[in-house]
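Trainee: Just the structure for this:
(chains A and B)
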Amino acid sequence: MYKAIKDNKIIAISDTDSEFLCLVKDTVETDETHTTADYDQYNGEYILKEDYPVEARNEQIRAERQARYVEESDPLRLDYDEALARGQDNAEELKEQWLASKDKIREELPYVVGE
Amino acid sequence: MTRTIQILRGTTAQNNAFTGSAGELTMDTDKKTVRIHDGSTQGGHELVSVSKLNSDITNCITEIPQDIKLELNAGVLTLKAGSKVCVPNGVNTFDTLIIENDLTLTVGTSVHTASFMLWVKSDCSALDSLGPNLVFSGTTSPGQASTLWYDTTNNLIKRFGPNSSTTPEYTTSFPIAIFTTTTGVGVSSIAQVFNGLGYIGSTVFALPGLTIARPNGRNADGTCKNIITTLTSVQTGVIADTNRRVAVFLSDTLSSWGADKGNVRCYNFLPSVAPHTFVTAYSYYDNQWHRCTSSTTWSSVETFAQIAHVQVDSNSRITSFVPKVAVSVVDYNDTEFIARQAMPGDTAQAITFGASGTTYTAPADGFFILRAENSGLSNHWLNVTAHGQFIGNYWAQVANNSFGLPPFFIHSGGTIRFDYGSDIWGGTLYFVKCVGAQ
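Mentor: Reported below is the predicted structural model:
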């Protein structure tokens, strides 16, 4: 991969582009150890994911969890609420589906434990 | 018995108000020009008057054929299909070859930082290159392996491979460009493209289609009187000077004149006596080039135009080549043509989208186009700053979508910066040149 450097910060990364046309930069460096998948953007620069501050990473995870709750879990919750209100037989089943959805999201997006 | 045919005539105002039939001609009696009509355009289309071109512009190139279409992208040089190259092919014979398929050239990233001269094999099968210090021209072979030699006696350009200094591997076109390489990058830039004119070794070449305005005095009203010449055949000229700057001139043929020590000058009024021997001087007052050789008496008037200046080394080999920029005249009635120049071109150059706060410089007059990608439900925002001024802010609250932004007009060299929140995780950025951009 290639890294565009400005003021000692990695401002752009690419697995294929070694020129970074148009970017105002100081140098271009080659990184033969990593790929762009190993990097994340933080505070206007790219850093290795393993160097990402725990607190900031967990805040990101929290936001991603929240988005998925709304997209995937909340509709199931509404179904459960309606079944409960109507006294339907499948209310318990719907509850299990709703809670399982939330557990799945938590499992797929675990918080990072600080060192 | 002969007959005189007169076309419809009128003033500029009358012509502007007239819509002629397709193929009809009318004369503008005010401007002494002709308009051609297409059956629908009011006022028709004015042909640019040669006299208008001649009036103030002189001693210059006015048109350069753009036959070499060379691109550099991610370290890969590509000569685009449709390009035309000139191949010396025997005494007084030059072939124009049309490239049928894109030809590419790459070099490894371990290459030294250096310049290279680029050409096409005469069978159009590939591009090749060498450092300019390994490129020669003249009547005598350089006698070295791994060189390129323009054999001016037989009018062939011969490429010697690593194993022979006497038997060429193949013949080639005239060089088409100079490119540079950078260690760690490979091909890093195109330094020069030899459209219309260029050099090889000690030889300058000018190609058909090159058009020049040659000073030839002044009219009674003071406007420049020029000879407009468009080359119809290849012209070559050998530089014989050593270790100096040389001015290159073109009339119907190429010539050169050493330019150091004030040997090439410009005057408002030509002095009665030259400052020293061997001077070529342009006089603005009479729009003429004058020469003196072995004495300080002006001995001849020349009708050439200066088209370039070069630097040559101790072997007369050209080490620097600076052509004059072509001067173009656009008639003020060419409004459609003028407007078209600011429109987006056909090619969008993909640009790696950087971190928030990254600044980008426009390589030409054109547009930046951005499509941002976001995730998450929280508000996401993007600010745009161009030419140092905040020009726009975009905000949305939609999860997992991408949003396109209007194109950002920007001039060549102008800068644009995108600042955005953490919920925008990336984007696709393009630069589109204007039609008329260089």
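Trainee: use CA for all of it now, contacts and neighbours both
Mentor: Will do.
Trainee: Report the contact partners of B:Ser141.
Mentor: Taking CA atoms under 8 Å, 6 or more residues apart in numbering or on different chains, we find B:Ser141 in contact with B:149, B:151.
Trainee: Hmm, B:Arg417 is touching B:Ala362, no?
Mentor: No - using CA atoms under 8 Å as the test, B:Arg417 is too far from B:Ala362 to be in contact (11.1 Å).
Trainee: all helices of the chain, in order?
Mentor: Here I'm looking at chain A. With DSSP state H as the criterion, chain A has helices at A:54-68, A:74-86, A:91-108.
Trainee: My question was about chain B, not that one.
Mentor: B:12-16, B:50-56, B:335-340.
Trainee: Quickly, which of those bottoms out on average pLDDT?
Mentor: Ranked by mean pLDDT, the helices of chain B end with helix B:50-56 in last place, scoring a mean of 55.
Trainee: which bits of the stretch 1-150 of chain B sit near chain A?
Mentor: B:74-75 (CA under 8 Å from any CA of the partner chain).
Trainee: Which part of the stretch 1-150 of chain B gets nearest to chain A, residue-wise?
Mentor: Residue nearest to chain A within the stretch 1-150 of chain B (CA to the nearest CA): B:Ala74, separated by 5.7 Å.
Trainee: With B:Ala81 as the reference, measure out to that residue.
Mentor: Per CA to CA, to the nearest Å, B:Ala74 is found 19 Å from B:Ala81.
Trainee: For the closest residue to A:Phe20 other than its chain neighbours, give me its contacts.
Mentor: Of all residues not flanking A:Phe20 in the chain, B:Thr352 sits nearest, at 6.0 Å (CA to CA, 6 or more residues apart in numbering or on different chains). Contact analysis of B:Thr352 by CA under 8 Å, 6+ apart lists A:12-14, A:17, A:20-21, B:428-429.
Trainee: of all these, which comes closest to B:Gln235?
Mentor: A:Leu21 (37.5 Å; CA to CA).
Trainee: Which residue is the nearest non-sequential neighbour of that closest one?
Mentor: B:Ile351 (6.0 Å).
Trainee: One more: B:Gln66?
Mentor: Closest to B:Gln66 by CA to CA, 6+ apart is B:Asn195, at 5.7 Å.
Trainee: What score does the one you found have for pLDDT?
Mentor: 94.
Trainee: gap between it and chain A?
Mentor: 24 Å (CA to the nearest CA, to the nearest Å).
Trainee: So that residue versus B:Ile351, what's the distance?
Mentor: On the measure of CA to CA, B:Asn195 and B:Ile351 end up 27 Å apart.
Trainee: Low-confidence stretches in chain A?
Mentor: A:114-115 (pLDDT under 70).
Trainee: ok so, going back, pull the contacting residues for the residue nearest to A:Leu21.
Mentor: A:20-22, B:428-431.
Trainee: That one pairs with what?
Mentor: B:Leu429 (DSSP bridges).
Trainee: One more: B:Gly392?
Mentor: Beta-bridge partners of B:Gly392, as defined by DSSP bridges: B:Val384.
Trainee: contacting residues around the closest residue to A:Glu19 other than its chain neighbours?
Mentor: Spatially, and ignoring its direct neighbours in sequence, A:Glu19 is nearest to B:Ala74 (6.0 Å; CA to CA, 6+ apart). Counting by CA under 8 Å, 6+ apart, B:Ala74 touches A:16-19.
Trainee: One more pass at 10 Å, please.
Mentor: Shown in contact with B:Ala74 (CA atoms under 10 Å, 6 or more residues apart in numbering or on different chains): A:16-21, B:106, B:185-188.
Trainee: Kindly report the same for B:Thr4.
Mentor: Counting by CA under 10 Å, 6+ apart, B:Thr4 has no contacts.
Trainee: Contact partners for the residue lying farthest from the centre of chain A?
Mentor: Computed with CA atoms, centre = their mean, the residue of chain A farthest from its C-alpha average is A:Gly87, at 38.5 Å. Applying CA under 10 Å, 6+ apart to A:Gly87 gives the contacts A:Asp81.
Trainee: Residues of the stretch 201-350 of chain B that sit close to chain A?
Mentor: Residues of the stretch 201-350 of chain B lying near chain A by CA under 10 Å from any CA of the partner chain: B:349-350.
Trainee: how close does B:Gln389 sit to B:Gly414?
Mentor: Distance from B:Gln389 to B:Gly414, by CA to CA: 11 Å.
Trainee: Counting neighbours, go ahead and name the busier of those two.
Mentor: B:Gly414 (16 against 11; other CA atoms under 10 Å in any protein chain shown).
Trainee: quick one on the thing from earlier: as JSON lines, the helices of chain A with mean neighbour count would be great.
Mentor: Below are the helices of chain A laid out as JSON lines (neighbours: other CA atoms under 10 Å in any protein chain shown):
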{"stretch": "helix A:54-68", "mean neighbour count": "17"}
{"stretch": "helix A:74-86", "mean neighbour count": "16"}
{"stretch": "helix A:91-108", "mean neighbour count": "15"}
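Trainee: about what we covered before: among the contacts of B:Thr352, find me the one that's closest to B:Thr296.
Mentor: Nearest member of the contacts of B:Thr352 to B:Thr296, counting by CA to CA, is A:Leu21, at 54.4 Å.
Trainee: any shared contact partners between B:Arg417 and B:Ala362?
Mentor: A:Leu23.
Trainee: what pLDDT does the spatially closest residue to B:Ile227 that is not a sequence neighbour get?
Mentor: Closest residue to B:Ile227 in three dimensions, ignoring its sequence neighbours and counting by CA to CA, 6+ apart: B:Arg214, at 5.0 Å. B:Arg214 is assigned a pLDDT of 94 by the prediction.
Trainee: thinking B:Arg214 is in contact with B:Tyr282, fair?
Mentor: No - using CA atoms under 10 Å, B:Arg214 is not in contact with B:Tyr282, being 11.4 Å away.
Trainee: Tell me which of these two has more neighbours.
Mentor: Shown here are B:Arg214 and B:Tyr282; by other CA under 10 Å, B:Arg214 has more neighbours (29 against 24).
Trainee: residue contacts, the more buried one?
Mentor: Contacts for B:Arg214 (CA under 10 Å, 6+ apart) come out as B:54, B:57-61, B:224-229, B:249-251, B:287-289, B:302-306.
Trainee: That one and chain A: what is the separation?
Mentor: Taken as CA to the nearest CA, the span from B:Arg214 to chain A is 40 Å.
Trainee: and if you look at B:Val432?
Mentor: Taken as CA to the nearest CA, the span from B:Val432 to chain A is 12 Å.
Trainee: next one: B:Val322
Mentor: Applying CA to the nearest CA to B:Val322 and chain A gives a distance of 26 Å.
Trainee: just B:Ile416 next, same as before
Mentor: 10 Å.
Trainee: could I get stretch B:115-127 in CSV with only the CA atoms?
Mentor: The C-alpha trace of stretch B:115-127 is given here as CSV (Å, rounded to 0.1, in the frame of the first residue of the first chain):
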residue,chain,number,x,y,z
SER,B,115,14.9,11.8,-17.3
PHE,B,116,14.2,9.6,-20.3
MET,B,117,13.4,10.2,-23.9
LEU,B,118,10.3,8.2,-25.2
TRP,B,119,9.6,6.9,-28.7
VAL,B,120,7.6,4.3,-30.6
LYS,B,121,9.0,1.3,-32.4
SER,B,122,8.5,1.8,-36.1
ASP,B,123,6.2,-1.2,-36.3
CYS,B,124,4.0,0.5,-33.6
SER,B,125,4.2,-2.5,-31.4
ALA,B,126,5.7,-0.9,-28.3
LEU,B,127,7.1,2.2,-26.5
